[in-house]
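> when you get a sec, could you give me coordinates for this:
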Amino acid sequence: MTRRLLFATLIVLVALASNHQVLTTGGPNQRSQQCTACIPKERPSGSIKGYVLDSRGNPMVGATVHARKTDFEKGLLPSTTTDVEGYFLLEGLEPGEYVVYAGKASQGYPEDLAALYSDSVSRSNTIVNGSSGSDLVLKLRQPLGQLTGRIVDIRTRRAIRFASITVRSIENPSNYLETGPDEKGRFRLLRPRIPFNLTISASGYRTWTGGGRGTSAIGTVWGGARGKKLIALRPTKD
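So this is what the prediction gives:
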């Protein structure tokens, strides 16, 4: 009986030792992969800093600053906003060449590099090599006028919330910008310096093309730095 018990105990100990060896012993490649996965990637150390000034040379507060890598394809662009002194700091950038640009749409300064506004955006090319370089100074160009308006049904005067607004270059129709109104049918756009067409369309309505036939524009006012429109779309069944 005692021998049988000792033999059974020995078998259990051998099995436990074998299992322990399987769990803790692996090939060198397997161990290397596990360790590599546990090590967090180091954050890039490159940065870009500087100041944004308005068209008069004053510090621009709350401007949005973007850094677009010249070989950028898709994804999120590094961005930040300026402080009360117009200062900005972009960190965690990979080495390479960047196009840095800034704007503040609410004050007439475009915030992107859309072709319609390409001649209105201040930009600067800079090289990031892992260390902090000298300060950039971006002086914004003259602000653009704004196109503001409201889109309604010509019969009910109710807001049309799901309309499509297109601003398209006359000289180069492939350059355009599409957007839509808010829940009250209101829209606000920056007015390009180049000649353009404004088109508004909505399902179930005739397309408005700057006062073309078959549409109605009520209270149309273009003048000064701001353009205001009340666009009344006519149903297609009329």
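> helices of this protein, residue ranges please.
2-24, 28-38 (DSSP state H).
> so, low pLDDT: which residues of the protein?
Flagging of the chain using pLDDT under 70 yields the residue ranges 1-41, 43, 130-133, 210-228.
> try 90
Scanning the chain for pLDDT under 90 picks out the ranges 1-46, 70-77, 92-95, 112-115, 118-119, 129-135, 146-148, 194, 209-230, 237-238.
> dump the residue contacts of the closest residue to residue 91 other than its chain neighbours.
What sits nearest to residue 91 in space, not counting adjacent residues and going by Cβ to Cβ, 6 or more residues apart in numbering, is residue 47, at 4.6 Å. For the C-beta atoms, the positions are set from N, CA and C on the backbone; glycine is no exception. Contact partners of residue 47, counting by Cβ atoms under 8 Å, 6 or more residues apart in numbering, are 89-93, 128, 132.
> which one of these is nearest to residue 115?
Nearest to residue 115 among those is residue 90, at 24.3 Å by Cβ to Cβ.
> where exactly do the strands run in this protein?
Under the criterion DSSP state E, strands of the chain are mapped to 46-53, 64-69, 79-81, 87-93, 96-103, 123-128, 136-139, 146-153, 164-169, 176-179, 186-190, 196-201, 216-223, 226-233.
> possible to save those as TSV with distance to residue 110?
As requested, the strands of the chain are exported to TSV (distance: least, Cβ to Cβ, whole Å):
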stretch	distance to residue 110
strand 46-53	13
strand 64-69	10
strand 79-81	14
strand 87-93	17
strand 96-103	5
strand 123-128	11
strand 136-139	13
strand 146-153	11
strand 164-169	12
strand 176-179	10
strand 186-190	6
strand 196-201	14
strand 216-223	20
strand 226-233	16
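> among the ones you listed, which is nearest residue 209?
Closest of the strands of the chain to residue 209 is strand 196-201, at 5.1 Å (criterion: Cβ to Cβ).
> now that closest one: buried residues?
196, 198-200 (16 or more other Cβ atoms under 10 Å).
> which residues touch that strand?
116, 147, 151, 163-170, 207-210, 231, 233.
> now with 6 Å?
For strand 196-201, the surrounding residues in contact (Cβ atoms under 6 Å, 6 or more residues apart in numbering) are 163-169, 207-210, 231.
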